[in-house]
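J.: Show me the folded form of this:
(chains A and B)
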Amino acid sequence: MKINRTNYEDFLIQKLEGLLSTEQNAELDLFLHSNADVKSDWEAFEQSVLVPDETIVYEHKELLKKKVGGVIPMYRTMLYVASIAASLLLVFFVSQQYLINQPTEKPVVVAENNSVQNNSAENPASVIQPSNNNANVADNYPYNSQSTFSKQVSTKNYQAINVNQPGTTNPKSETIAYMKSLAPIAMKTYPRVSYASFIWTKGLKTPRVPSRNVSEAGAWLQVASILGSEVMRLTGRGEWVNKAPVELQIKKPIELNIHNSYISFHKILSFKNKNSNNK
Amino acid sequence: MTVKEYNQCVELYSDRVFRFIYKNTRDRDDADDVVQNAFEILWKNHERVEFEKCRSYLFTVAYHNFIDNVRKMKRITRMEEHHEDLMEAPDRSYKGVKEIVEQALAKLPEIQKNVVMLRDYEGYDYAEIGNITGLSESQVKVYIFRARQTLKDYLVGVEKVI
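T.: Residues are numbered from 1 along each chain as shown, chains lettered A, B, ... in the order given. I've put the predicted structure just below:
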């Protein structure tokens, strides 16, 4: 198409857009040269090209940015801790419900008097000790309807010790009441990890880390190994328990504070008779 | 796209997206919202969006967000627009070419304004502008030609007045 005075603007825009061939560019330049009045139109087109205004800036850049490494993936440890917390809450709320409906006359069978007498505050693991070192409490537990063990024992021979008050051998009745309610629930809920006892003391003023006797990390490992193991088994992660150092799994009881109430968990393996230990 | 690359996108393109939207809305708060929303969406999808494509991704999201807002705002008449005759008399003081072009730009139809801004501010080709705006290449070309013609006519007309 030949450039003329009726179509030249279209060619000027094409030139501005970089759409003309070399020949067309040369032809347009010639046209502009021979039509001085049209040249001002070309200048107007050139001036109409938008130039960004660099003074207009977005002022909240920093708010849009994300921290590098700020997103923390859920590592296994966190999963365990979350599992533990969930387990604890489950036990807590179920036990509360159970307590409401449960008579309190049943004996608390957690430790033999003979072994308890040798207890000390330095060895909370032996706070509650079954007479049979290797017995699985789940098998012997008196509340288990399949067991006849409950017929052979009485509260006179068994006693719980409050580890929060070293030296105390006569726990408050409320502690026993809680134990009555919590222990069977725990046995039913976690039969595979064989809990032996729960000690619950109300009214503690200072919230506590898992244990005063075990390092915090070790205590958490303990909690994980005991409470979390069932959750882990259900989620296919139970092998973690076996990989944990044995001494962390079985050495000492777990103590945990929830809203100023205190719970101690004992794994069956930690229930070593002090007398036999001394031998 | 990694977090680092995402942050790089913020550094490189937040001003440009903001400028593009602000020129349309002429409202800083509205433009802020659109930019924030665009980056929020980019962040949600940052693992799927390649760093090389984040600029057009941002402009596409921002453009559609802006269009949605325009549709909503069409139901609302701004007080200033309704009483234009009562507003201050137009400023007849001398303006530079850049300001006149800005004035002309503001008078362009929405779609022409957007395509020509994407072309001049961002240097996108017709196909890329088509992807962002949902237009065909030929439509983009037509709108750009019309916009250029209008801008030039406005510029020439004002110069004659001056």
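J.: mind giving me the domain ranges of chain B?
T.: In terms of domains, chain B is parsed into B:1-83, B:93-162 (source: automatic domain parsing).
J.: Output these in TSV, with mean pLDDT appended to each entry.
T.: Compiled in TSV, those are given as follows (pLDDT from 0 to 100):
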stretch	mean pLDDT
domain B:1-83	84
domain B:93-162	86
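J.: Quick one: those as CSV, columns for distance to chain A too.
T.: No exception for glycine: its C-beta is placed from N, CA and C like everyone else's. Output for these, formatted as CSV (distance: least, CB to the nearest CB, whole Å):
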stretch, distance to chain A
domain B:1-83, 4
domain B:93-162, 4
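J.: CSV for these, including mean neighbour count?
T.: Converted to CSV, those look like this (neighbours: other CB atoms under 10 Å in any protein chain shown):
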stretch, mean neighbour count
domain B:1-83, 17
domain B:93-162, 17
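J.: in chain A, which helix or strand is least confident?
T.: For chain A, the helix or strand with the lowest mean confidence is helix A:149-152, at a mean of 29 (criterion: mean pLDDT, DSSP states H and E).
J.: Verify the contact between A:V38 and A:L28 for me.
T.: No. Counting by CB atoms under 8 Å, A:V38 sits too far from A:L28 to count as a contact (9.8 Å).
J.: my guess is B:D120 contacts A:V51, does it?
T.: Yes. Taking contact to mean CB under 8 Å, the distance of 7.4 Å between B:D120 and A:V51 places them in contact.
J.: Give the other helices and strands that the helix or strand where B:E40 lies contacts.
T.: With secondary structure defined by DSSP states H and E, B:E40 is part of helix B:28-44. Helices and strands in packing contact with helix B:28-44 are listed as helix A:61-64, helix B:3-25, helix B:54-73; criterion 3 or more CB pairs under 8 Å, 6 or more residues apart in numbering or on different chains; DSSP states H and E.
J.: which residues of the stretch 1-150 of chain A score low on pLDDT?
T.: Counting by pLDDT under 70, the stretch 1-150 of chain A shows low-confidence ranges at A:69-83, A:92-150.
J.: Which residues of it lie near chain B?
T.: If contacts are counted using CB under 8 Å from any CB of the partner chain, the residues of the stretch 1-150 of chain A sitting beside chain B are A:9-10, A:13, A:16-17, A:40-41, A:44-45, A:47-53, A:56-58, A:60-61, A:63-71.
J.: Out of those, list just those in helices.
T.: Cross-referencing the residues of the stretch 1-150 of chain A next to chain B against helices under DSSP state H gives A:9-10, A:13, A:16-17, A:40-41, A:44-45, A:47, A:61, A:63-64.
J.: and the residues you listed, which two are the farthest apart?
T.: Using CB to CB, those reach their maximum pairwise distance at A:S40 and A:L63, which is 47.8 Å.
J.: okay, which residue is most central for chain B?
T.: B:F20 (3.6 Å; CA atoms, centre = their mean).
J.: How about it, nearest residue that isn't a chain neighbour?
T.: Counting by CB to CB, 6 or more residues apart in numbering or on different chains, B:F20 lies nearest to B:M117, which is 5.9 Å off, once chain neighbours are set aside.
J.: isn't A:L20 right up against A:D10?
T.: No. Between A:L20 and A:D10 no contact is recorded; they are 10.6 Å apart, counting by CB under 8 Å.
J.: Tell me which of these two has more neighbours.
T.: Neighbours of A:L20 and A:D10, each counted by other CB atoms under 10 Å in any protein chain shown, are more numerous for A:L20; the result is 17 against 13.
J.: contacting residues around the strand or helix carrying B:V142?
T.: For B:V142, the host element (DSSP H and E) is helix B:137-161. Contact with helix B:137-161 is made by A:9-10, A:13, A:16-17, A:40-41, A:44-45, A:47-48, B:97, B:100-101, B:103-105, B:107-108, B:111-113, B:115-116, B:119, B:126-127, B:129-130, B:133, B:135, as judged by CB atoms under 8 Å, 6 or more residues apart in numbering or on different chains.
J.: Same check on stretch B:7-23?
T.: By CB under 8 Å, 6+ apart, the surrounding residues in contact with stretch B:7-23 are A:52-53, A:56-58, A:61, A:64-66, A:68, B:1, B:28, B:30-32, B:34-35, B:38-39, B:42, B:51, B:54-55, B:58-59, B:62-63, B:66, B:105, B:113, B:117-118, B:121-122.
J.: could I have stretch B:145-162 exported to CSV, CA atoms only?
T.: Listed in CSV are the C-alpha atoms of stretch B:145-162, where the atom choice follows Å, rounded to 0.1, in the frame of the first residue of the first chain:
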residue,chain,number,x,y,z
PHE,B,145,-3.8,1.9,17.5
ARG,B,146,-7.0,3.7,18.6
ALA,B,147,-5.4,4.7,21.9
ARG,B,148,-2.3,6.1,20.1
GLN,B,149,-4.5,8.0,17.7
THR,B,150,-6.5,9.5,20.6
LEU,B,151,-3.4,10.4,22.6
LYS,B,152,-1.8,12.1,19.7
ASP,B,153,-5.0,14.0,18.8
TYR,B,154,-5.3,15.2,22.3
LEU,B,155,-1.7,16.3,22.4
VAL,B,156,-2.0,18.2,19.1
GLY,B,157,-5.3,19.8,20.2
VAL,B,158,-3.9,21.0,23.5
GLU,B,159,-0.8,22.4,21.8
LYS,B,160,-3.0,24.3,19.4
VAL,B,161,-4.9,25.8,22.3
ILE,B,162,-1.6,26.8,24.0
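J.: Off-centre distance for it?
T.: Stretch B:145-162 sits 20 Å away from the centroid of its parent chain (CA atoms, centre = their mean, to the nearest Å).
J.: And stretch B:96-104, by the same measure?
T.: Mean C-alpha position of stretch B:96-104 versus that of the full chain (CA atoms, centre = their mean) differs by 16 Å.
J.: May I have it exported as CSV, CA atoms only?
T.: Extracted as CSV, the C-alpha positions of stretch B:96-104 are listed here (Å, rounded to 0.1, in the frame of the first residue of the first chain):
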residue,chain,number,x,y,z
GLY,B,96,4.3,19.8,30.3
VAL,B,97,3.9,17.2,27.6
LYS,B,98,4.0,14.4,30.1
GLU,B,99,1.2,15.9,32.1
ILE,B,100,-0.9,16.4,29.0
VAL,B,101,-0.4,12.8,28.0
GLU,B,102,-1.4,11.7,31.5
GLN,B,103,-4.6,13.8,31.1
ALA,B,104,-5.3,12.2,27.8
